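Enquirer: any chance you can model this:
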Amino acid sequence: MLLMLVPTNTAIKCGVFGVSNFSKRDRQFSIRTTWSFSCLPASLDACDLARNSELQSITSGRNKGFRYMKMSSQVLEKTDNNVVIEDYQPDLALSSSYENAMETLSTLITRQKRGEPSNIGGTYGKLERMSMYLKILGLEEHLVKLKIIHVAGTKGKGSTCTFCEAILRECGFRTGLFTSPHLVDVRERFRVDGLEITEDKFLHYFWDCWNLLKENVTDALPMPPLFQFLTVLAFKIFVCEQVGYVDVAVIEVGLGGIRDSTNVIKEPAVCGITSLGMDHMEVLGNTLSKIALHKAGILKLMSFLLLKPEIPAFTVPQLSEAMDVLQERAIELSVPFKVADPLDDEKLKGLKLSLSGDHQFINAGLAVSLCKSWLRRTGNWEKIFHNDSEVSDLPDAFLRGLSTAHISGRAQIVHDISSMSCFSSEVTESSSGDLIFYLDGAHSPESMEACAQWFSSAVKENKNPSLSPASTFSFSKIRNMEVQRNGYIRQEKEEIKQPNKISKQILLFNCMEVRDPQVLLPRLVRTCASSGTHFSKALFVPSISTYNKVTSRSSAIPLDISGKDLSWQFSLQRLWERIIHGAADPVLDKSFQMDGVETLPPRELLYEDASPCSPADKCVACSAVMPSLPLTIKWLRDCVKENPSLRLQVLVTGSLHLVGDVLKLLKR
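Expert: Modelled structure (predicted):
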């Protein structure tokens, strides 16, 4: 091992690590008095980098006054082989202290179902409690210094926030980003300068918050439930990291609404409301206008500003029912309110949005408006761009942000390549088919339609794909690939000749019981069919995630499937069969009972076309209920291994929990 001792006020030469395109800011450690240590192997290759998520500084103290040197997934580093490495995660076992924190955090999960009255207890309302928690932690007066961008909406919140963070980071600002939910590890929710915080920093801030709150709780003020705790933890992280680090915090709401925990932010720099639709109806209301009224809660909070009613708010084009409510509320509160136009593709100057799907142009347009407003309100626009006249052109920093922003589980494609060897530039042929996962956590009618449009477009582009799993061809060099840990290849820009394959589109689906599959599944089928995409089979699986425990990427995956209640999955299957066979009004039948399943269907299910069948006769041929997700992934892998002419394009949707579970399994 090579021990590097680096004075923290010295610029690190990128050549030491074989990295050539860090910005000047990324090469500097502006730490005042401490020294930074990094233990690295004497030689680093692509696989070493893929296994190590960051180069961590090792210091004594309480993580104050120093920073970690990290490799950002937004800064793409090229090795001598032109292999682009991104999104590396450590392959180390979960430390006992981190596991202990997850167990402790899990005690804050409430057992109430959505829509049920709160069972938190105490004598204060949610926002009152939030204010008191912030006061206990000494954060109240510091929030305004974060110059927050606050984003609400039904769909597109996470994408809009991610675009905003990437744009402002490319403009040279140090950023904090708080989004939800996490897919694999809770630390995904907290990003500083584009990276989720390190495990030991998380532990430091977590226990600081936990101990202070625990010392001050009473019967009137109990410990906060999970999301409220994570929200105050985000504020704690960004405020503490603000000393020489965070210039702007981008905050996504939770469920949204006037009483959303994030509405404790009383002085944001600018606010945004993304597309509104029918979601969380059990909490927000069962009409679009009621939902819009709740989503306008951010605007209501602005009315509390002292002598600052001019704080701007932006939204995207909405249905008239929603837009009318938003505009009326803005007029009532004297809030400057504008509609951000969707981004014009021509403004990208030949680049592509890093987030796929036509709907992302709406989110990108809102992000551009929010960032421009933030820059002007903080006095930074003129400092950076000097010329305010060319408003029709996007600055280069905006273009870089829009083309590099990344968010997992939304329109994400993962090629499953288990046989690729990192240590050889030559990949040997083997007889195997292709297994490609298309991941999108859509769970509302509108997002399901957007998901279907994206999937249909993506599989058409992949009809003669430039990339198939490495095991189906030989080549001397891997070029221009984005390689994830364990050999996942997410994108390939150089066309490689390969044999023809038989492509089959498979649906892997689950949704929470509070969702309405009678709306989600028909919309998915209709939208795909209108683009010429038809599912060969649908697989209905239970999620791994348990809703009474916070897990991480290293948490054990339960494999015991005996006695698992699959009645919900059987109901989904029968609904699917009715839809596929053209039932005029397909209804979800929860009364139908079938024995549980503990065995996998024969692999021939995927190879054969659906034969005529009648769901009324309990005969199904277009779908299957699977006993567990781990067994399903193995079953799909076995199917392509034994059939080299097969390409399985698997759409995973209906639940972010399901998408997170699949990602966790694929990264094992």
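
Enquirer: so what's Pro268 scoring on pLDDT?
Expert: We have a pLDDT of 90 for Pro268.

Enquirer: give me the three-state assignment for it.
Expert: Here Pro268 is recorded as coil under DSSP: H, G, I helix; E, B strand; the rest coil.

Enquirer: where's it relative to Leu226, distance?
Expert: As judged by C-beta to C-beta, to the nearest Å, Pro268 and Leu226 stand 23 Å apart. Quick note: C-beta positions are derived from backbone N, CA and C, even for glycine.

Enquirer: Phe509 now?
Expert: Distance from Phe509 to Leu226, counting by C-beta to C-beta: 26 Å.

Enquirer: surely Ala269 meets Ile148?
Expert: Yes: between Ala269 and Ile148 a contact is recorded at 6.0 Å, counting by C-beta atoms under 8 Å.

Enquirer: hang on, Gln505 in a helix?
Expert: No: going by three-state DSSP, the assignment for Gln505 is strand, not a helix.

Enquirer: tell me the pLDDT of it.
Expert: Predicted confidence (pLDDT) for Gln505: 96.

Enquirer: if I pick it, what's in contact with it?
Expert: Listed by C-beta atoms under 8 Å, 6 or more residues apart in numbering, the contact set of Gln505 reads Phe455, Val459, Cys528, Thr533, His534, Phe535, Ser536, Gln649, Leu651.

Enquirer: show me what the helix or strand hosting the third one is in contact with.
Expert: This means Cys528. Element membership for Cys528, per DSSP states H and E: helix 517-530. Helix 517-530 is contacted from outside by 442-445, 448-449, 451-453, 455-456, 505, 507, 509, 511, 534-535, 572, 575-576, 579-580, 586-588, 653-654, using C-beta under 8 Å, 6+ apart.

Enquirer: quick check: buried residues in that helix?
Expert: The neighbour-count check on helix 517-530 (16 or more other C-beta atoms under 10 Å) flags Pro517, Leu520, Leu521, Pro522, Arg523, Leu524, Val525, Thr527, Cys528 as buried.

Enquirer: avg pLDDT for that helix?
Expert: Summarised as a single mean, pLDDT over helix 517-530 is 94.

Enquirer: one more: stretch 449-462?
Expert: On average, stretch 449-462 scores 91.

Enquirer: contacting residues around that stretch?
Expert: For stretch 449-462, contacts defined as C-beta under 8 Å, 6+ apart pick out 155, 356-359, 411, 413, 436, 438, 440, 442, 503, 505, 523-524, 527-528, 531-533, 649, 651, 653.

Enquirer: try stretch 335-352
Expert: Residues outside stretch 335-352 that contact it (C-beta under 8 Å, 6+ apart) are 272, 299, 302-303, 309-317, 323, 326-327, 329-331, 353, 361-362, 364-366, 368-370, 392-394, 399, 402-403.

Enquirer: helices - which of those residues land there?
Expert: 299, 302, 323, 326-327, 329-331, 361-362, 364-366, 368-370, 399, 402-403 (DSSP state H).

Enquirer: returning to what we had before: of the contacts of stretch 335-352, grab the buried ones for ChimeraX.
Expert: Restricted to buried positions by 16+ other C-beta under 10 Å, the ChimeraX selection for the contacts of stretch 335-352 reads:
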select :272,299,302,311,312,313,314,315,316,323,326,327,329,330,353,361,362,364,365,366,368,369,370,394,399,402,403
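
Enquirer: quick one: the helices in the stretch 101-250 of the chain, in order.
Expert: Using DSSP state H, counting those that start in this stretch, the helices of the stretch 101-250 of the chain run over residues 126-136, 157-170, 199-216, 226-241.

Enquirer: out of the ones you listed, which gets nearest to Ser261?
Expert: In terms of C-beta to C-beta, the element of the helices of the stretch 101-250 of the chain nearest to Ser261 is helix 226-241, at 4.7 Å.

Enquirer: I appreciate the help and will end here.
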